[in-house]
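>>> here is my input, please return the structure:
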Amino acid sequence: MLTIHVAEASPETAVLVDGAVVAAVGPYEDLAAVRPEARVRRWPGILTPGLLNPFAPELLEGMYHPDPREAAGFGTEPITGERAQRIFRADPSRRGASARRGVQRMLAHGTVAVAGELRGPAAVDAVRRAGLAVGRRPELLPGSPSFSPVPLVLMPGLMPGGPARFAVFDVPDRAALVRLGASTCVATVLGGRLVFRAR
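Numbering: from 1, shown residues only. Next up, the predicted model:
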């Protein structure tokens, strides 16, 4: 199925998606004229190639992401450090579900690729199943592990024939994205699939 994704603040970089592949990138009017039968998804903000998060081991293996049903005992925010490791030692089966919830948090922050060596099969499987790309981790990591790391690392520009992998942020421009961070994400697409949409 053909789909055009267009964001209000960046109509010049609309994306025509054919299955899992980028069929074309260009002004919305041009893409709609060439493929009028395509379904159109309109978003606020800007459409970007998405983000690479270099902190995959720290976020997916070093933190415990509680299930919402565990809020009374664990709260709703990720648990770090020794407390997280105690939770995993007490019940190793929690690793898989925690990693999947961690991946969902990443997707909600416009992450389309991760970096860093994942050691456990639970996190590796969660990344693979989600369809996240795996990149190379920079030698020097600025800042601390975060779902919205500073500085943000944008993926290379979208190209026809490349994977349909991108994110949309509800900001007026890239400068605002840098200033406001990745929590402004409203949509993330991996392999042509909408894997996150803000409510």
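>>> and the helix or strand harbouring Q85, what does it pack onto?
Assigned by DSSP states H and E, Q85 belongs to helix 81-90. Judged by 3 or more Cβ pairs under 8 Å, 6 or more residues apart in numbering; DSSP states H and E, the packing partners of helix 81-90 are helix 94-107. Just so you know, the C-beta spots here come from the backbone N, C-alpha and C atoms, and that holds for glycine as well.
>>> which parts of the helix it packs on are buried?
Buried positions in helix 94-107, judged by neighbour count with 16 or more other Cβ atoms under 10 Å: 94-95, 98-103, 105-107.
>>> which residues touch it?
53, 59-61, 63-67, 78, 87-88, 114, 120, 122-123, 125-127, 129-130, 132, 147, 188, 190, 195-196 (Cβ atoms under 8 Å, 6 or more residues apart in numbering).
>>> after it, next one along is what?
Beyond helix 94-107 toward the C-terminal end (DSSP H and E), the next one is strand 111-115.
>>> strand partners of that next one, parallel vs antiparallel please.
strand 51-53 (parallel), strand 133-135 (parallel) (DSSP bridges).
>>> tell me the most buried of those strands?
Neighbour counts (mean count of other Cβ atoms under 10 Å) averaged over each of the strands paired with strand 111-115 peak at strand 51-53, with a mean of 26.
>>> and the strand or helix carrying A72, what other elements does it pack with?
If you go by DSSP H and E, A72 is part of helix 71-74. Of the remaining helices and strands, none touches helix 71-74 by 3+ Cβ pairs under 8 Å, 6+ apart.
>>> the strands in the protein, which residues?
With DSSP state E as the criterion, the chain has strands at 2-7, 14-18, 21-26, 39-43, 46-48, 51-53, 111-115, 133-135, 153-154, 166-169, 185-190, 193-197.
>>> who touches the second one?
I take that to be strand 14-18. By Cβ under 8 Å, 6+ apart, strand 14-18 touches 2-7, 22-28, 31, 34-35, 38, 47, 158, 164, 166, 189, 192.
>>> relative to helix 94-107, how tilted is the helix holding Q85?
The directions of helix 81-90 and helix 94-107 differ by 130 degrees, with axes from the mean of the first three to the mean of the last three Cα atoms, to 10 degrees as the criterion.
>>> export helix 81-90 to PDB, keeping only CA atoms.
What follows is helix 81-90, C-alpha atoms only, in PDB (Å, rounded to 0.1, in the frame of the first residue of the first chain):
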ATOM      1  CA  GLY A  81      21.300   1.000  39.300                       C
ATOM      2  CA  GLU A  82      21.500  -1.800  41.800                       C
ATOM      3  CA  ARG A  83      17.800  -1.800  42.500                       C
ATOM      4  CA  ALA A  84      17.100  -2.700  38.800                       C
ATOM      5  CA  GLN A  85      19.700  -5.500  39.000                       C
ATOM      6  CA  ARG A  86      18.100  -6.800  42.200                       C
ATOM      7  CA  ILE A  87      14.700  -7.000  40.400                       C
ATOM      8  CA  PHE A  88      16.300  -8.900  37.500                       C
ATOM      9  CA  ARG A  89      18.200 -11.300  39.900                       C
ATOM     10  CA  ALA A  90      15.000 -12.000  41.800                       C
END
